[in-house]
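1. A structural model of the following input is requested.
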Amino acid sequence: MVYNCTMLDDFLLQYYLAPAYALEFALGFPSNLLVVLGYVFCLPEWKSTNVYLFNLAVSDLIFLCTLPHLSYLYAKANSEYSGFGCIINRYILHTNLYSSILFMVWVSMDRFLLVRHPSRLHFLLTKKAALCLSLMTWVAVNMQVAPLIFYIIQDMQKGNWSLCKDFGSLGVMENLLGYSLGLTVTGYLLPLLGLGFFSFHINQLLRVQAEVIQGTGTSFRKPVRVVSAVATMFLVLYLPYHLMRNVRIASRHPWAGLSDCHKIYIQSAYILTRPVAFIHSVINPVFYFFMGDKFRELLLAKIRVLVRQLEQRTGTSM
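-> Numbering: from 1, shown residues only. Model (predicted):
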């Protein structure tokens, strides 16, 4: 019985985590790259929403680039990893995790203000304000994630710099659980409340302004559906990961009094939640087509032009 339970987490790492990360890269990298190139080459005039979504797409793209090597290590059951590479990988992973939900909060705020100020007169609807908020977001998220470097270095020193562990599997260290709980509250729960706040108030504004909106022939129902879908996505994808990460860290403390098998079962449940949390990088491009102002039309038009040019060149060469 002990032998079987000790094999469970290794099995999941090799046969679940490795292919899951590989699949996320295969699906997410082309779509996010298309979005980034679309913003750079197809969008002549940027608005506040575009600034937030572009930052989100860049964050997802950088994160997705770390998955192939990570998937390879898990597939080969290889624990060897350079210290610098381990730190960079884990840092990018968690920076993306918390920047993604925060940028979506700003997008939801933008949709709320647009419903309230359709003529874009509010100063937060300006491109300058969006750039400032984006910069503040990167600074804030990096400050939140920076302490993780200290814990990773401390853990790798104990293993002679040969083991690269994920956040929840770091050695038992002072204040690690407190840091994880604090990061859960400030990096996840508060932004999630922000998404819920803007979703609720967009719906309230539409109810109050229903007659005016119908009279102008303009539909603002789409912002409600999109913002609600974003809040639901982060609730469903992020909550299991954060719950199990904190349970995993707590379970490894001596005061928990758990048997080795119970610890492994918790570790296995934690492993299951990790690819689920990061699948947001695959789903996010869907929202770009519904939130970006005319982005979908401009991107599709550019693709059609490129296809026609390719067909003409092919026909000429034949």
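2. on the three-state scheme, Pro45 is what?
-> If you look again at residue 45, you'll see it is Glu, not Pro. coil (DSSP: H, G, I helix; E, B strand; the rest coil).
3. count the residues that sit near it.
-> 9 (other Cβ atoms under 10 Å). In this view, the C-beta of every residue, glycine as well, is placed from N, C-alpha and C.
4. now it: phi and psi?
-> Backbone torsions for Glu45, taken as degrees, to the nearest 10, come to phi -130, psi 120.
5. now do Asn160
-> phi 60, psi 30.
6. cool, Leu163 as well?
-> phi -120, psi 130.
7. sticking with Lys263, tell me its helix or strand.
-> helix 260-278 (DSSP states H and E).
8. packing partners of the next helix or strand after that helix?
-> Next helix or strand after helix 260-278 toward the C-terminus (DSSP H and E): helix 280-291. Secondary-structure packing of helix 280-291 (3 or more Cβ pairs under 8 Å, 6 or more residues apart in numbering; DSSP states H and E): helix 18-42, helix 48-64, helix 83-116, helix 221-251, helix 295-317.
9. for the first one, give me every contacting residue.
-> By that I understand helix 18-42. Residues from elsewhere that reach helix 18-42, judged by Cβ atoms under 8 Å, 6 or more residues apart in numbering: 46, 50, 53-54, 57-58, 60-61, 64-65, 67-68, 70-72, 74-75, 275, 278-279, 281-282, 284-285, 288, 295, 298-299, 301-302.
10. swap in 6 Å and give it another go.
-> Defining contact as Cβ atoms under 6 Å, 6 or more residues apart in numbering, one finds that helix 18-42 is touched by 54, 57, 60-61, 64, 67-68, 70-71, 74-75, 275, 281-282, 285, 288, 298-299, 302.
11. buried subset of those?
-> 54, 57, 60-61, 64, 67, 70-71, 74-75, 275, 281-282, 285, 288, 298-299 (16 or more other Cβ atoms under 10 Å).
12. Gly83 and Asp155 touch, don't they?
-> No: using Cβ atoms under 6 Å, Gly83 is not in contact with Asp155; the gap is 10.5 Å.
13. which of those two has more neighbours?
-> Set Gly83 next to Asp155 and count neighbours by other Cβ under 10 Å: Asp155 wins out with 19 against 14.
14. residue contacts, that one?
-> 165, 170-171 are the contacts of Asp155 under Cβ under 6 Å, 6+ apart.
15. for Leu34, give its distance to Leu237.
-> 22 Å (Cβ to Cβ, to the nearest Å).
16. only alpha carbons, please: show stretch 62-78 as PDB.
-> Output of stretch 62-78 as PDB, limited to C-alpha atoms (Å, rounded to 0.1, in the frame of the first residue of the first chain):
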ATOM      1  CA  ILE A  62       6.300  34.800 -22.300                       C
ATOM      2  CA  PHE A  63       4.800  32.300 -19.900                       C
ATOM      3  CA  LEU A  64       3.900  29.800 -22.600                       C
ATOM      4  CA  CYS A  65       7.500  29.900 -23.900                       C
ATOM      5  CA  THR A  66       8.600  28.300 -20.600                       C
ATOM      6  CA  LEU A  67       6.300  25.300 -20.900                       C
ATOM      7  CA  PRO A  68       8.200  23.100 -23.500                       C
ATOM      8  CA  HIS A  69      11.300  22.700 -21.300                       C
ATOM      9  CA  LEU A  70       9.200  22.200 -18.200                       C
ATOM     10  CA  SER A  71       7.200  19.600 -20.000                       C
ATOM     11  CA  TYR A  72      10.300  17.800 -21.100                       C
ATOM     12  CA  LEU A  73      11.700  17.700 -17.600                       C
ATOM     13  CA  TYR A  74       8.500  16.200 -16.200                       C
ATOM     14  CA  ALA A  75       8.300  13.700 -19.100                       C
ATOM     15  CA  LYS A  76      11.800  12.400 -18.600                       C
ATOM     16  CA  ALA A  77      11.400  12.500 -14.800                       C
ATOM     17  CA  ASN A  78      14.500  14.700 -14.700                       C
END
